[in-house]
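attaching a predicted model along with its sequence, questions to come.
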Amino acid sequence: MKDDSRSFEPWAHVHLLGVIAQLGSLTLAAQRLGLSKAAVSQRLAELERAVGQTLAQRTTRSVRLTDAGQQLVDETASAFAQIAHSVASVRDLAGQPRGRVRVTAPVALGRQHVAPALESFFRAWPEVRVELELSDRLANLAHEGYDLAIRHTSAPPDNHVAWKLCDTRTLLVASAGYLKRRGVPAHPSELAGHDCLAYLRAGPAQWQFEQIPPAARVRRTAAEPLRVGVTVQGPLRANNSELLRDAVVAGLGIAQVPDFSAAAEL
């Protein structure tokens, strides 16, 4: 005779027996499990055949476990409780973010805006661990393993998903002492004759400017801006906007810096 118990998977049937023990009724157990009463009776019978024991005594109004049935329920209760706990823990992952997030941000933006927001962030998401690298170099998110990059740009890479966090501006700044000594440039082209403190990148330093045509400003109509590019040079190039700002304050020249770096000195 074929031994069906070898291929029998008892877990759902044993769980059903535990529900029957808890509720004391096949009808209530069927309602709890979303089954018909006939299906519950069939699975109970299958389990009894598999273990070779009567597990429940049925009456017209209730069901009472036998000693064998109670032993089976008692010895498996902790296992099913652990399964329920594990399922709940995994479900919580959807509503409670956790784990490591690697973030890269410019030094000035990170120090002045990201760092002050961390305390409230960790209060809201205590299971998240942040690895924050402050660097003004352009990081490769995919190759360097970053999850998120915060950048001051109007042209994010096409191969990344990007959304705007806030509006920022790039400002052209100089100290009063420098302008008194060297004069105030009246047009972007005049910057070629000034000491300009440029951001450190490969090749010549090119500063770009846009101007709305005067006629469009008067009529308040949309128009293509006039674009002017100027190659600048000076005594200092650096890859940090805070350092460039400090050099401007010291009177070393004119620089383009983001508004969040210049704000404290304006």
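It's in. Numbering: from 1, shown residues only.

now stretch 247-257: mean pLDDT?
Taken as a whole, stretch 247-257 carries a mean pLDDT of 96.

end-to-end on that stretch?
As for stretch 247-257, its first-to-last residue distance stands at 11 Å under the measure Cα to Cα, to the nearest Å.

how about residues contacting that stretch?
For stretch 247-257, the external contacting residues (Cβ atoms under 8 Å, 6 or more residues apart in numbering) are 170-175, 177-178, 181, 185, 191, 194-199, 207, 234-236, 238, 241, 244-245, 265. C-beta: built from backbone N, CA, C; applies to glycine.

just the buried residues out of the residues you listed, in ChimeraX syntax.
In ChimeraX, selecting the buried portion of the contacts of stretch 247-257, with burial taken from 16 or more other Cβ atoms under 10 Å, looks like this:
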select :170,171,172,173,174,175,178,185,191,194,195,196,197,198,199,207,234,236,238,241,244,245
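
the contacts of stretch 247-257 in strands, which ones?
The members of these that map onto strands under DSSP state E are 170-173, 196-199, 207, 238.

let me have the residues you listed in CSV, extended by pLDDT and distance to residue 258.
Rendered in CSV, the data for the ones in strands among the contacts of stretch 247-257 read as follows (pLDDT from 0 to 100; distance: Cβ to Cβ, whole Å):
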residue, pLDDT, distance to residue 258
170, 89, 6
171, 93, 7
172, 95, 12
173, 96, 10
196, 97, 16
197, 97, 14
198, 95, 14
199, 90, 10
207, 94, 14
238, 92, 14
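
out of those, who's nearest residue 227?
Distance from residue 227 was checked for each of those by Cβ to Cβ. The minimum falls on residue 207, at 11.4 Å.
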